[in-house]
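Enquirer: give me a model of this one.
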Amino acid sequence: MVGADRPAGEILVVSGTGTEIGKTVVTAAVAAVALAEGRSVAVLKPAQTGMAPGEHGDVAEVARLAGAAVTTAELARFPEPLAPATAARRAGLPPVRPAEIAHAAEELANGHDLVLVEGAGGLLVRFDDETGATLADAARLLDAPVLVVTRAGLGTLNTTTLTAEALRARGLACVGVVIGSWPAEPGLAARCNLADLPSAADAPLLGRVPEGAAALPPEEFRARATSWLAPALGGRWSGPDQDGL
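Expert: You can find the predicted model right below:
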């Protein structure tokens, strides 16, 4: 196993229950809190899709929000906004393999206290056509825990449960769930989901990042990040009771 002789640095895989749910902003918040604690942080994006060379991608956004002290790495970039396997095939470019992801993460962990590996879309989105490999396969090679980012409202209990079941079926640990975009005026479903998500995931709710957080000035984003995340992620959010919900 790649992760058998783990370097000192912690590796955490950040996956979503789908796309466009706030994985990058959550990754930035976790990185910002860790940096504030004095830890060295690296962020690895195995496959960036929908971006041309030179465009501002996810790792650049994490560095903008969390701070330039974050080390960033991107293994592959494909121009069309598609699943990595499809985007690689259509671009005529080699896909990213789980072993490459694991090797890059281990190399970063050798020089950093925390390495965050941000996936593309959901946990089982394919990275290559030949083997059907996914982010879950890379997490298995690394023997790394997974932080699940999910939506706030209707439908999130189903997708979170499915993701949690997929993790358990592969022997992967889910450290917890973070809501990637918490509405300013949450409706009934969102408020109820705060109580129901831990049961759906069989893992604790570790935070909720407010919608629009990425639009905050970076200094304000960093200052507020600890209030969005639970102590297990280095923050001070104590749960729904703190929000009066």
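Enquirer: which residues in the protein form helices?
Expert: Applying DSSP state H to the chain gives helices spanning 23-36, 58-66, 84-91, 98-109, 135-142, 156-169, 188-201, 218-224, 240-243.
Enquirer: for the fifth one, packing partners?
Expert: So the one you mean is helix 135-142. With contacts taken as 3 or more C-beta pairs under 8 Å, 6 or more residues apart in numbering; DSSP states H and E, helix 135-142 sits against strand 10-16, helix 98-109, strand 114-122. (Glycine included, C-beta is placed from N, CA and C.)
Enquirer: rerun that using 10 Å as the cut-off
Expert: Packing partners of helix 135-142 (3 or more C-beta pairs under 10 Å, 6 or more residues apart in numbering; DSSP states H and E): strand 10-16, strand 41-49, helix 98-109, strand 114-122, strand 146-150, helix 156-169.
Enquirer: mind putting those in CSV, mean neighbour count included?
Expert: As requested, the helices and strands packed on helix 135-142 are exported to CSV (neighbours: other C-beta atoms under 10 Å):
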stretch, mean neighbour count
strand 10-16, 24
strand 41-49, 25
helix 98-109, 21
strand 114-122, 26
strand 146-150, 27
helix 156-169, 18
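Enquirer: same list (those) but as JSON lines, adding mean pLDDT and distance to Ala190.
Expert: Output for the helices and strands packed on helix 135-142, formatted as JSON lines (pLDDT from 0 to 100; distance: least, C-beta to C-beta, whole Å):
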{"stretch": "strand 10-16", "mean pLDDT": "97", "distance to Ala190": "17"}
{"stretch": "strand 41-49", "mean pLDDT": "97", "distance to Ala190": "28"}
{"stretch": "helix 98-109", "mean pLDDT": "97", "distance to Ala190": "33"}
{"stretch": "strand 114-122", "mean pLDDT": "95", "distance to Ala190": "20"}
{"stretch": "strand 146-150", "mean pLDDT": "98", "distance to Ala190": "11"}
{"stretch": "helix 156-169", "mean pLDDT": "97", "distance to Ala190": "9"}
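Enquirer: hey, which of the helices of the chain is tucked in deepest?
Expert: Comparing these on average neighbours per residue, with mean count of other C-beta atoms under 10 Å, the densest one is helix 23-36 at a mean of 26.
Enquirer: got the angle between it and strand 41-49?
Expert: Per axes from the mean of the first three to the mean of the last three C-alpha atoms, to 10 degrees, the angle that helix 23-36 makes with strand 41-49 is 170 degrees.
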